[in-house]
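Student: The sequence isn't on hand, but the structure is:
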């Protein structure tokens, strides 16, 4: 067992940009122990004034689109430009122990070894909400440690996009040219969320097809109602192999940030995200407290059975449980 | 003001199949008054043993697919076969007063005048959950009043499908032939939920195209993983104008019911739906109690502001509110 770091050691280590302490602070966040939760909350509130200075970028795309390869190239490009890049992931389907998803790091070997990069695997959790919460807090720690670009990858298929959209400034969708309508159709809901689309693997024989796809998607985006922010999503092409287009993608993100900083939407969006996060944390807390309360545990199975068998309406059962529970002072 | 009906009058009226009393019982369900809620809960629990004998059919499709026309024709067909048909709707976007959506009934004039039919507009509500709850309870009342076919229409676009899917036995998706990939792509998530697809407006010049679409969709459905129930969704064509295909759709639904009754999935699905409904009611109840609690009301705005401004983490704010609230015995 390693020595438990004190609150001060954690705060100073994170603020000093020490990645070993950063890793340990994240592990603390991911812990289910109440004492760890209390300590991590104190650390988070202490470092809070030093957070928020990064650009938070969500990256999604169907399996096979080349997300890891893109993040490896894009992250390396940014590191070479002098940025400090943290890569986080949200994979609600992951029940594996910490370290297994991005953690083997063979997926992003080059980036993992760059001194300006920090890669952290998706936290494990029983619910998407729980996983998303931990990723949000990890993001704050990384910001406090001086990382100015946070890349958040969606690993799960179809569930985690909304969660990631709700915690980033810019949402980048990766797509493939010529992947067939079947695939693309499923992604249309996601397209509406995108602030930008990058068509990956635009190299060799794919270049022509990718340029064509770029035009098609650009036209398709015109079908959506304009964004509240006044930003018109762009479609770009890139190649991780040829290192082509990465600079344009970063320029797009910088242009987005400049525009939305000016019209106030950037900060407004973060405020809304913070309040949404609070409400989500309340919702989760209420459910956890409720279903763990001894009075509820005592009654739940019997009522569930009655409800399933149609002996009592679900609404009545819910009301009974809620009443009994709210009468019990803790 | 009409005289308030007693609990016994309501129960006996509903069980006797009196549609005037049924309407008043539904109005009671839709009331926000606590005394009305208590009375309606007693009524619902009293009639509960007489519920569940109908087939519950959800009907969805994009605007323009002809949902009202289909329901008018299909409902009339079933009424002529001797069935008693109740038509309900879920429209979470409706903030209008009761009676305005389906209620003007001009949309389904013929069906509205059939003695075997009962049409009830979408309840109003501030949340989809609230609206869905009322529709579920209305469904139970209609069953107790002897309606053996419940048609539940989704009126809202894109939000209400999951809610309807969660309260019906059979989920029917209406589609148009030749409506373009743009439209169909958006519906792919919904297609996966469908137990059957009906291609509407298969009349006149549309017949050939509709048959072709039927084959295409049937092929597309094969791409989805097989349903847990062992049922393979079918694609049929129909015309409300020519009264064509309505019998086949009903046969499909009867075949579905027979098959799933035999393998136990029909009853199993209803049990799961009931428990889900209870959990959803608990979730809603917890949130309502929480956000209406005076201690929370007192603190919420200030904490929200602090969270928005990054002075306190959303998680800390949530925890503070949850702690203070759980300490207050009611």
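Tutor: Structure received. Remember, it's a predicted structure, so these values are computed and weren't measured experimentally.
Student: Distance check, residue A:49 against residue A:257.
Tutor: Residue A:49 sits 21 Å away from residue A:257, going by Cβ to Cβ, to the nearest Å. Bear in mind the C-beta positions are built from the backbone N, C-alpha and C, glycine included.
Student: so what does the longest helix seen in chain A touch, helix or strand wise?
Tutor: What stands out as the longest helix in chain A, according to DSSP state H, is helix A:265-292. Other helices and strands packing on helix A:265-292, by 3 or more Cβ pairs under 8 Å, 6 or more residues apart in numbering or on different chains; DSSP states H and E, are helix A:128-144, helix A:246-262, helix A:294-308, helix B:265-292, helix B:294-308, helix B:314-326.
Student: Just name the most buried of these.
Tutor: With neighbours defined as mean count of other Cβ atoms under 10 Å in any protein chain shown, the helices and strands packed on helix A:265-292 peak in mean count at helix A:128-144, which reaches a mean of 23.
Student: ok, which residues in the stretch 1-150 of chain A are in contact with chain B?
Tutor: Residues of the stretch 1-150 of chain A found near chain B (Cβ under 8 Å from any Cβ of the partner chain) are A:41, A:44, A:45, A:48, A:49, A:51, A:52, A:133, A:136, A:137, A:140.
Student: Out of those residues, give me the two with the largest separation.
Tutor: Pairwise distances across those peak at 20.7 Å for A:49 and A:133 (criterion: Cβ to Cβ).
Student: Now residue A:193: closest residue in space that isn't a chain neighbour?
Tutor: residue A:165 (5.0 Å; Cβ to Cβ, 6 or more residues apart in numbering or on different chains).
Student: Count the neighbours of that neighbour for me.
Tutor: Using other Cβ atoms under 10 Å in any protein chain shown, residue A:165 has 18 neighbouring residues.
Student: what ranges of chain A fall below the confidence cut-off?
Tutor: By pLDDT under 70, the weakly predicted segments of chain A are A:1-2, A:92-106, A:126, A:156-159, A:179-189, A:326-330.
Student: mind listing the strands for it?
Tutor: Using DSSP state E, the strands of chain A run over A:55-60, A:85-90, A:117-119, A:149-154, A:170-176, A:196-200, A:234-237.
Student: what sits against the residue in the stretch 1-150 of chain A positioned nearest to chain B?
Tutor: Of all residues in the stretch 1-150 of chain A, the one sitting closest to chain B is residue A:44 (5.0 Å; Cβ to the nearest Cβ). Applying Cβ atoms under 8 Å, 6 or more residues apart in numbering or on different chains to residue A:44 gives the contacts A:29, A:137, A:140, A:141, B:313, B:315, B:316.
Student: Spatially, which two of the residues you listed are the most separated?
Tutor: Spatial extent of those (Cβ to Cβ) is set by the pair A:141 and B:316 at 14.5 Å.
Student: Contacts only, for the residue lying closest to residue A:243 once chain neighbours are set aside.
Tutor: Closest residue in space to residue A:243, ignoring its immediate chain neighbours: residue A:73 at 6.4 Å, by Cβ to Cβ, 6+ apart. Residues counted as contacts of residue A:73 (Cβ under 8 Å, 6+ apart) are A:240, A:243, A:246.
Student: Kindly report the same for residue A:314.
Tutor: Neighbouring residues of residue A:314 by Cβ under 8 Å, 6+ apart: A:307, B:136, B:274, B:275, B:277, B:278, B:280, B:281.
Student: Same list (these) but as JSON lines, adding distance to residue A:174.
Tutor: Shown next, in JSON lines, are the contacts of residue A:314 (distance: Cβ to Cβ, whole Å):
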{"residue": "A:307", "distance to residue A:174": "44"}
{"residue": "B:136", "distance to residue A:174": "40"}
{"residue": "B:274", "distance to residue A:174": "41"}
{"residue": "B:275", "distance to residue A:174": "39"}
{"residue": "B:277", "distance to residue A:174": "39"}
{"residue": "B:278", "distance to residue A:174": "40"}
{"residue": "B:280", "distance to residue A:174": "35"}
{"residue": "B:281", "distance to residue A:174": "40"}
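Student: Closest one to residue A:88 out of the residues you listed, please.
Tutor: For the contacts of residue A:314, the closest approach to residue A:88 (Cβ to Cβ) belongs to residue B:280, at 31.2 Å.
Student: Please report the distance of residue A:206 from chain B.
Tutor: 22 Å (Cβ to the nearest Cβ, to the nearest Å).
Student: now do residue A:225
Tutor: Residue A:225 is 13 Å from chain B, by Cβ to the nearest Cβ.
Student: tell me the contacts of that residue?
Tutor: Applying Cβ under 8 Å, 6+ apart, no residues contact residue A:225.
Student: can you check the one 5 residues further on too?
Tutor: Listed by Cβ under 8 Å, 6+ apart, the contact set of residue A:230 reads A:259, A:260, A:263, A:265.
Student: Just put those residues in CSV and tack on distance to residue B:36.
Tutor: Shown next, in CSV, are the contacts of residue A:230 (distance: Cβ to Cβ, whole Å):
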residue, distance to residue B:36
A:259, 52
A:260, 48
A:263, 47
A:265, 44
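Student: right, and out of the residues you listed, which lies closest to chain B?
Tutor: residue A:265 (14.3 Å).
Student: Correct me if wrong: that closest one contacts residue A:229.
Tutor: Yes. At 4.2 Å, residue A:265 counts as touching residue A:229 under the criterion of Cβ atoms under 8 Å.
Student: distance of residue A:56 from residue A:89?
Tutor: From residue A:56 to residue A:89 the distance is 14 Å (Cβ to Cβ).
Student: Please disregard the earlier target; I meant residue A:203.
Tutor: Taking Cβ to Cβ, one finds residue A:203 at 25 Å from residue A:89.
Student: Comparing the two, which shows the higher neighbour count?
Tutor: Legend: neighbour count by other Cβ under 10 Å for residue A:203 and residue A:89, higher for residue A:89 (27 against 17).
Student: Hmm, the more buried one is touching residue A:153, no?
Tutor: Yes. Between residue A:89 and residue A:153 there is a contact at 4.5 Å, judged by Cβ under 8 Å.
Student: follow-up on the earlier one: now for residue A:56 and residue A:89: what residues contact both?
Tutor: Common contacts of residue A:56 and residue A:89 (Cβ under 8 Å, 6+ apart): residue A:152.
Student: if we can go back for a sec, reformat the strands of chain A as TSV; add distance to residue A:222.
Tutor: Shown next, in TSV, are the strands of chain A (distance: least, Cβ to Cβ, whole Å):
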stretch	distance to residue A:222
strand A:55-60	21
strand A:85-90	30
strand A:117-119	36
strand A:149-154	25
strand A:170-176	16
strand A:196-200	13
strand A:234-237	11
